[in-house]
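Student: Return atomic coordinates for the entry below.
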Amino acid sequence: GAVTAPPVAAYTAVLLSDTATPAWHSAYKELPFVFCGSAAAASGGLGLLGAPVAEAGPARAFAVGGALVELATERRMEQSMGLPAETLHQGRAGRLMRASKALTAAGAVGALAGRRSRVLSMVSGAALMAGSLCTRLGVYEAGIASAKDPKYTVVPQRERIDRVEPVRYRE
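Tutor: Presented below is the predicted three-dimensional model:
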């Protein structure tokens, strides 16, 4: 599982970012790392749900590490995306992304604090899994919103023209 899990976790992000959808394509550098961190946090959260507290150390480490990777790369992704990053903060995508950050951060803190509490470990695990789901749905919704508004395609193209850069990829 350790060999095949990272490529499987990143595969969806690679497929999304290899499209013409502005929000997805502009996140191509960081999105696979966001999805891998999210998957690690969720799988660690699942481990916290099922493992006895005394045996949950590896799941706890995986959950906290994944949450940190997800939150850090998500922040970097938003900074590097340019104009399409707006879609991550508006409407349904914005609500999902805010919920994702809150659930993921709370789940990571709870995972650390719940070393001796079965209930806190379980609540933290559920929060991490819900945060992961919100991340993926938020990114999906942001892509749909960016595809519906032509400004996320036209404005970056005009900016590239002003900088005398190619508007499209050429071999």
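
Student: A20 in helix, strand or coil?
Tutor: Of the three states, A20 takes coil under DSSP: H, G, I helix; E, B strand; the rest coil.

Student: Tell me the pLDDT of it.
Tutor: pLDDT for A20: 87.

Student: so where's the protein uncertain?
Tutor: Scanning the chain for pLDDT under 70 picks out 167-171.

Student: would you list every one of the helices in it?
Tutor: Along the chain, counting by DSSP state H, helices occupy 5-17, 22-25, 31-50, 57-80, 91-113, 118-148, 151-162.

Student: Quick one: these as TSV, columns for mean neighbour count too.
Tutor: Quick note: C-beta positions are derived from backbone N, CA and C, even for glycine. TSV is the format used below for those (neighbours: other CB atoms under 10 Å):
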stretch	mean neighbour count
helix 5-17	16
helix 22-25	25
helix 31-50	24
helix 57-80	19
helix 91-113	20
helix 118-148	22
helix 151-162	14
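
Student: Show me how far stretch 18-33 is from its chain's centre.
Tutor: 12 Å (CA atoms, centre = their mean, to the nearest Å).

Student: any idea which residue sits dead centre in this protein?
Tutor: Central residue of the chain (CA atoms, centre = their mean): V34, 4.0 Å from the mean position.
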